[in-house]
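> structure, please.
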Amino acid sequence: MKPLLTAFALASLIYSNCAAQPDSMVVKKRYPIKSCRIVFQFFNGPQRGTKTVTFDDWGNKVKEEVVTMTDTATMRKWMASLQDSLNQPDARAFMQNLRLMAVQHNLKITVGSQSYGIDLDHHIGAKSPVYLFGGSFEGNMKQMGFAVVRTDTFLGKPCKVWEHPGSFRFWIWKNFYVVKKEMIQSLAAGMRMEEYATEIDESYPIKPGEFLIPDNIRFR
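Just a heads-up that it's a prediction; the model follows:
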């Protein structure tokens, strides 16, 4: 299950950020629309939850709020099977002592060239620079082995459906945002890997302070 989880997360990172490069010296338009709010439901093996993405200023300000619920019993069984395959004592010890939380609350805020990842349960965070992929969106997708297989409508939004043979299928809205993704290869019994938008609000009113960092966060 580990390779699937890693690949699914990597694909999400890459294709949600293959937006258009800046097309103006005045306004850097990373996204083709100025603002929006998208609510997602996701399933990731023993985990499920919600993700709310809000962006403004053509994608120069982005906030992701994620609530993850973990089936800790199933996760521990998977970790136990993984420990048996590890030959490194340090890695096995780390997994044995890893604390699992049934519910996690995380926040990611990106403003300009800086990104802030925040654990809201423990009030800690980390800063990192923002990396933008060069080239066109379609060029990046094709380079990663994806191809358009059809067009579709999702939540009333026209989408191109991109597919990587035997692995992923993505619904891409406006050639910049993944509004639905799913694994198309065989999964273990009871495992589900899928993420899909339940609401896309292009008229969402951006609130004052929408992208401010919480005051009680200690950054490492």
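> all strands of this protein, in order?
Applying DSSP state E to the chain gives strands spanning 36-44, 47-56, 61-70, 103-111, 114-119, 124-129, 147-154, 157-164, 168-173, 177-183, 193-201, 218-219.
> which one of these lies closest to residue 211?
For residue 211, the closest of those is strand 61-70, at 4.7 Å, according to CB to CB. (C-beta placed from N, C-alpha, C; glycine too.)
> want to try TSV for the strands of the chain, with distance to residue 28 and mean pLDDT as columns?
Output for the strands of the chain, formatted as TSV (distance: least, CB to CB, whole Å; pLDDT from 0 to 100):
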stretch	distance to residue 28	mean pLDDT
strand 36-44	17	96
strand 47-56	13	96
strand 61-70	11	96
strand 103-111	12	96
strand 114-119	14	97
strand 124-129	15	96
strand 147-154	27	97
strand 157-164	24	96
strand 168-173	21	95
strand 177-183	17	94
strand 193-201	23	96
strand 218-219	25	95
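> wait, which of the ones you listed is closest to residue 208?
Across those, closest to residue 208 is strand 47-56 (CB to CB), at 11.4 Å.
> which other helices and strands contact that closest one?
With contacts taken as 3 or more CB pairs under 8 Å, 6 or more residues apart in numbering; DSSP states H and E, strand 47-56 sits against strand 36-44, strand 61-70.
> which stretch among the ones you listed comes nearest residue 145?
Here strand 36-44 is closest among the helices and strands packed on strand 47-56 (CB to CB), at 21.8 Å.
> how about that closest one: buried residues?
Applying a neighbour-count criterion of 16 or more other CB atoms under 10 Å, the buried positions in strand 36-44 are 36, 37, 38, 40, 42, 43, 44.
> a markdown table for those, including distance to residue 210?
Shown next, in a markdown table, are the buried residues of strand 36-44 (distance: CB to CB, whole Å):
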| residue | distance to residue 210 |
| --- | --- |
| 36 | 12 |
| 37 | 10 |
| 38 | 14 |
| 40 | 18 |
| 42 | 22 |
| 43 | 28 |
| 44 | 27 |
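> can you give me every residue that contacts the nearest residue to residue 49 once chain neighbours are set aside?
Distance criterion CB to CB, 6 or more residues apart in numbering; nearest residue to residue 49, sequence neighbours excluded, is residue 68 at 4.1 Å. If you count contacts by CB atoms under 8 Å, 6 or more residues apart in numbering, residue 68 has them with 47, 48, 49, 103, 104, 106.
> list just the nearest of the buried residues of strand 36-44 to residue 63.
residue 37 (9.3 Å).
> can you report how many residues neighbour the nearest residue to the closest one once chain neighbours are set aside?
Distance criterion CB to CB, 6+ apart; nearest residue to residue 37, sequence neighbours excluded, is residue 204 at 3.7 Å. Using other CB atoms under 10 Å, residue 204 is surrounded by 16 other residues.
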